[in-house]
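Colleague: sequence plus predicted model, see below.
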Number of protein chains: 2
Amino acid sequence: MRPVYIVGIGQTPVGEHWERSLRHIAHDAVIPALRDAGVERVDALYVGNMLSGELVGQEHVGALVADFVGLRGIEAYKIEAACGSGGAALRTGYMAVAGGLHDVVVVAGVEKMTDTIGKDTTAGLAMAADQEFEAAEGVSFVALNALLMRRYMYEFEVPHAAFGHFAVNAHHNAAGNPNAMFKSPISLETYRKATMIADPINLMDSSPICDGAAAVVLASEPVARALRNGRRPVRIAASSVGTDSLAVHDRRDPMKLEAAWISSHKAYQQAGVTIDDIDLFELHDAFTIMAALSLEACGYAERGRGVWLAEEGEITIEGRVPVATMGGLKARGHPVGATGVYQVVEATLQLQGLAGRNQVRDANIAMTQNIGGSGATVATHILVGE
Amino acid sequence: MRPVYIVGIGQTPVGEHWERSLRHIAHDAVIPALRDAGVERVDALYVGNMLSGELVGQEHVGALVADFVGLRGIEAYKIEAACGSGGAALRTGYMAVAGGLHDVVVVAGVEKMTDTIGKDTTAGLAMAADQEFEAAEGVSFVALNALLMRRYMYEFEVPHAAFGHFAVNAHHNAAGNPNAMFKSPISLETYRKATMIADPINLMDSSPICDGAAAVVLASEPVARALRNGRRPVRIAASSVGTDSLAVHDRRDPMKLEAAWISSHKAYQQAGVTIDDIDLFELHDAFTIMAALSLEACGYAERGRGVWLAEEGEITIEGRVPVATMGGLKARGHPVGATGVYQVVEATLQLQGLAGRNQVRDANIAMTQNIGGSGATVATHILVGE
């Protein structure tokens, strides 16, 4: 397999883009990424998206976006793995370049969740869960995560307030990210007083419903070397996807994100690194409980101890394992099918020293982890600045 | 890149499977394919599907199917390119093995279009078209194809009856396929008298709404050689995807399937073949007009002449370019996201001499072509019996 480089990145601000349709939002990320890369030719486009059918009434977004960004004719299709769609699309683009099938590909993630008259976003998100055994019983996606959080609090004797540090950290970092949806820091007091959504998940435990798109241009080593534009080369040192049951009740241990364990440990092996080598970790904090479980599955904490990393200050930009360095899903926002690509765009900015006031010092190796459903599909990527 | 072999195939009968849900139908194709291959290990599963979200209320079918067929943990996600989803999924599986990322992968296509209470299948299918510029104006997917057919009849002075030979051939061949939805032959008289759906497309110009799943197991050469089970080895000699605008009105020449031209001509080059070398062509006869346009785009006929190949008997099993040899989309059935994989399963049976009374004599090279929308995504594969 050949080395794969990230040679261009693009992103739209995350928010409610009432005036821009799905194709426009995708365009607003892909065109800057192509300009950033300065490539003359693109071989393929892989689009990560979850809800275009349900919320926009539009499938077939691979060809749609390819055409709209001026790439009509090239290979293009959509990749879907619920909220893990962006990470799975990146995996596809990585395979195409690493395997020698293409030299230059674009991976875009896009989601349009507002301006969906007559559509039910909550029902749409529940399609990430098991329709026949979870959603059909009336449980929403937030409620499933609430069950996990409640179990965690009970089994490990954790007070709700302990999760607040994840939200405080995310909002603190989002304040330094011009593309974040929420730019106001919050306090632990704000967290404690936040409106309850699905007990014990409150508004500050949850990522928002929003629109956004992000894109990366991947290239083979010869193409990447020819392009050198003064930016630090960033190589994808590992790319892996693992799965688990959709239904949480089908898991041997609902407190272990088995797919995250599989995916991250494969990635460590492929990249030849341990967690001590990783300078920042863009994890999937769709809910604060997911952040805690991810840290545990990836080996940063023992079972039931992930939440305490946040309280101990380990997850800040200066900490041992900086997470959500640009605001994370919680505060940058979570346009579901785009999130996995946003994570990679942000990690690339960190490795290139372009993260502004959120810069992690001496960042050389970054990990991104994108989760579909309540842990049923997990895509992990490790990026190395060269 | 490494050679890629088809080492196992599976399919369900196509029809209305009211008693089987999406996951069961997928299971019923994947398990036979795995048994057929006799592999001990699978590295990844790629699922082609278009409408699970809209019609079943279930996204995230990659992990869902992986778990349900006993492959929990492996890499799995869904590929979507409207009715071309199956072909695009095969492209992904091909890349994974050809590129050396995986040794054994399963590619499945599945669609559940019946038993969808409260869902609108016609609106779902219209998501293959451009939502903002076509579907939102009220045009259905059948109507778009009717516009193409009307234009073809006008521009090339073709009577409607000329298209009937495509339908007669498809039904004739389906009668010899135990997995086909319609097993009764029809006459030209039946075609002429069929109920009008969207003028000039009548019931016999159209493929049916149905359920079904098909699966193939792909493997690298060393794995394929170790498995040899007396069956003829079938190699994927070419795999390519091309695109065009979703909206038909955006095309320079709506009578030319540009993406089919791109995709097929790339495939000829990759496989090192011309159309004269190809012994059968599983084309995408979702509507008879699509069959005519595909034959032209792939070089079998001049512009406006594709329809006459059917009348001249060239498309029968004994003809110069046998199409729909197991019934095609028209009569085997068109469970949209599964169709591209059915085509490959059927072509493999032909190359292995297992097509029964539908056997194309001395079949050594087969082409399959799967189309998304009205030609916006086209996946072409060329298979060679060794």
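Modeller: Thanks, I have it. Residues are numbered from 1 along each chain as shown, chains lettered A, B, ... in the order given.

Colleague: count of neighbours near the residue of chain A found nearest chain B?
Modeller: Residue nearest to chain B within chain A: A:Gly99 (1.4 Å; C-beta to the nearest C-beta). In short, each C-beta sits where N, CA and C put it, glycine included. A:Gly99 has 22 neighbouring residues, counting by other C-beta atoms under 10 Å in any protein chain shown.

Colleague: pLDDT score assigned to the residue nearest to it when sequence neighbours are not counted?
Modeller: Closest residue to A:Gly99 apart from its sequence neighbours, by C-beta to C-beta, 6 or more residues apart in numbering or on different chains: B:Gly99 at 1.4 Å. B:Gly99 carries a pLDDT value of 98.

Colleague: list the contacts of B:Gly99.
Modeller: Counting by C-beta atoms under 8 Å, 6 or more residues apart in numbering or on different chains, B:Gly99 makes contact with A:Met1, A:Met95, A:Ala96, A:Ala98, A:Gly99, A:Gly100, A:Leu101, B:Met1, B:Arg2.

Colleague: got JSON lines for those, with secondary structure and distance to A:Val345 too?
Modeller: Converted to JSON lines, the contacts of B:Gly99 look like this (DSSP: H, G, I helix; E, B strand; the rest coil; distance: C-beta to C-beta, whole Å):
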{"residue": "A:Met1", "secondary structure": "coil", "distance to A:Val345": "23"}
{"residue": "A:Met95", "secondary structure": "helix", "distance to A:Val345": "20"}
{"residue": "A:Ala96", "secondary structure": "helix", "distance to A:Val345": "19"}
{"residue": "A:Ala98", "secondary structure": "helix", "distance to A:Val345": "20"}
{"residue": "A:Gly99", "secondary structure": "coil", "distance to A:Val345": "23"}
{"residue": "A:Gly100", "secondary structure": "coil", "distance to A:Val345": "25"}
{"residue": "A:Leu101", "secondary structure": "coil", "distance to A:Val345": "24"}
{"residue": "B:Met1", "secondary structure": "coil", "distance to A:Val345": "29"}
{"residue": "B:Arg2", "secondary structure": "coil", "distance to A:Val345": "32"}
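
Colleague: which of those sit farthest apart?
Modeller: Pairwise distances across the contacts of B:Gly99 (C-beta to C-beta) peak at 14.5 Å, for the pair A:Ala96 and B:Arg2.

Colleague: can I get stretch A:350-362 in PDB, CA atoms only?
Modeller: Provided in PDB are the C-alpha atoms of stretch A:350-362 (Å, rounded to 0.1, in the frame of the first residue of the first chain):
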ATOM      1  CA  GLN A 350      -3.400  21.300  14.600                       C
ATOM      2  CA  LEU A 351      -0.600  19.300  12.900                       C
ATOM      3  CA  GLN A 352       0.100  22.300  10.600                       C
ATOM      4  CA  GLY A 353       0.300  24.700  13.500                       C
ATOM      5  CA  LEU A 354      -2.700  26.600  12.100                       C
ATOM      6  CA  ALA A 355      -5.100  26.100  15.100                       C
ATOM      7  CA  GLY A 356      -4.700  29.700  16.300                       C
ATOM      8  CA  ARG A 357      -5.300  30.200  20.000                       C
ATOM      9  CA  ASN A 358      -6.400  26.600  20.300                       C
ATOM     10  CA  GLN A 359      -3.100  25.300  19.100                       C
ATOM     11  CA  VAL A 360      -1.800  22.100  20.900                       C
ATOM     12  CA  ARG A 361       1.900  22.700  21.400                       C
ATOM     13  CA  ASP A 362       4.300  20.500  19.300                       C
END
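
Colleague: phi, psi for A:Asn202 please.
Modeller: The phi and psi values for A:Asn202, taken as degrees, to the nearest 10, are phi -100, psi -180.

Colleague: quick check: closest non-adjacent residue to it.
Modeller: Once flanking residues are discounted, A:Asn202 sits nearest to A:Ala194: 4.2 Å by C-beta to C-beta, 6+ apart.
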